[in-house]
Each structure stands twice: as structure tokens, then as C-alpha cells.
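> Give the three-dimensional model of this entry:
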Amino acid sequence: MAHRILVALALAGCSLAPGAQVRLDADMKCAATKHDLVYDCRILLRERGSGKPVSGAELALGADMPSMPMAHNVKPVQAAPGGAPGEYTARIELEMFGEWALKVDVRKPVRDRIIRKFDAQEPRR
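Numbering: from 1, shown residues only. The predicted structure is shown next:
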């Protein structure tokens, strides 16, 4: 029993140690363009705990359709820095209308993946 407590305390200490990797979070909005299934996405990247914007990041935006695993996967596109700290933009082209899982893969300054649901709806004409 004492051994389990020591292991739990050691693990808790590791997760709180200085230099532990910072987790990231993102607010994402995607707007339809004049072309069906093409969206301009704005990503606001920040540190999860502090909310501090993350500038100078390298990230890509990809997508897959949860209702059809491995059938609809969109190749990731590189995101470009936007006009504000922590802001990035990317244009993504989906394969069909419906619910998608947008995946932000951050490579730098830390490695992280953020997934957000997105409902690509047919435009009303």
C-alpha cells in the first residue's frame, strides 16, 4: 500500500515539475468561400493554462470525417501567421458536406494536436 502511495506521489511530482510540456488550446472559426467545400479557417492558438497567445508556431490543419473513418481524410495544409499574436490562417478543401473533425497539428514550439468538430453545411441558394 505504501509503495502505491509513493508511486502516485512521484507521478504527481513529475507532472508538476518545472519544464513540463505546456499543452495548447485553440479557438477556430471556418468561413465558407465562394467555392463549395472550401473554407478559410482562423485559428487562435494559446497556452491552455494561462491563455497566453502562442506566436511563432508551426502548425498544419487537416480533417477527417468521423462517420466514415479512413474513407474521407483531407491532407493537412500549412497554416500561415495571421495579423494578431497567436493567430494563424489556413484554407482547407473538404470532400463532402457533413460533420468533420478538424485537426490542428502543432510541431513547434511544442508538439500537440487539437481537434474541433466542424459542420460543413450545404449553402442555401
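
> Once you drop chain neighbours, what's closest to A32?
Once flanking residues are discounted, A32 sits nearest to Y39: 5.9 Å by C-beta to C-beta, 6 or more residues apart in numbering. C-beta here means a position set from N, CA and C on the backbone, and glycine is covered the same way.

> Is the one you found in contact with R91, as I believe?
Yes. Counting by C-beta atoms under 8 Å, Y39 does reach R91; the two are 7.1 Å apart.

> Might you list the low-confidence residue ranges for this protein?
1-20, 125 (pLDDT under 70).

> Report the beta-bridge partner residues of the residue nearest to A32.
A32, I92 (DSSP bridges).

> Quick one: neighbours of it, just the number.
Using other C-beta atoms under 10 Å, Y39 is surrounded by 21 other residues.

> For it, give its distance to E95.
12 Å (C-beta to C-beta, to the nearest Å).

> cool, D36 as well?
For D36, the distance to E95 - C-beta to C-beta - is 11 Å.

> Compare the two (neighbour count), which wins?
The neighbour comparison of D36 against E95 (other C-beta under 10 Å) goes to E95, with 16 against 13.

> Give me the phi and psi for that one.
Phi and psi for E95, reported as degrees, to the nearest 10, are phi -100, psi -20.

> Now for Y39 and R91: what residues contact both?
Both Y39 and R91 are in contact with T33, where contact means C-beta atoms under 8 Å, 6 or more residues apart in numbering.

> Settle this for me: E87 is touching R46, isn't it.
No. Using C-beta under 8 Å, E87 makes no contact with R46, being 10.1 Å away.

> which residues are in contact with both of those two?
Joint contacts of E87 and R46 (C-beta under 8 Å, 6+ apart) are P53.

> The chain: helices as residue ranges?
Taking DSSP state H as the criterion, the chain carries its helices at 2-15.

> In contact with the nearest residue to K108 once chain neighbours are set aside, which residues are there?
Counting by C-beta to C-beta, 6+ apart, the nearest residue to K108 once its immediate chain neighbours are dropped is E58, at 4.1 Å. The neighbours of E58, taking C-beta under 8 Å, 6+ apart as the test, are Q78, V106, R107, K108.
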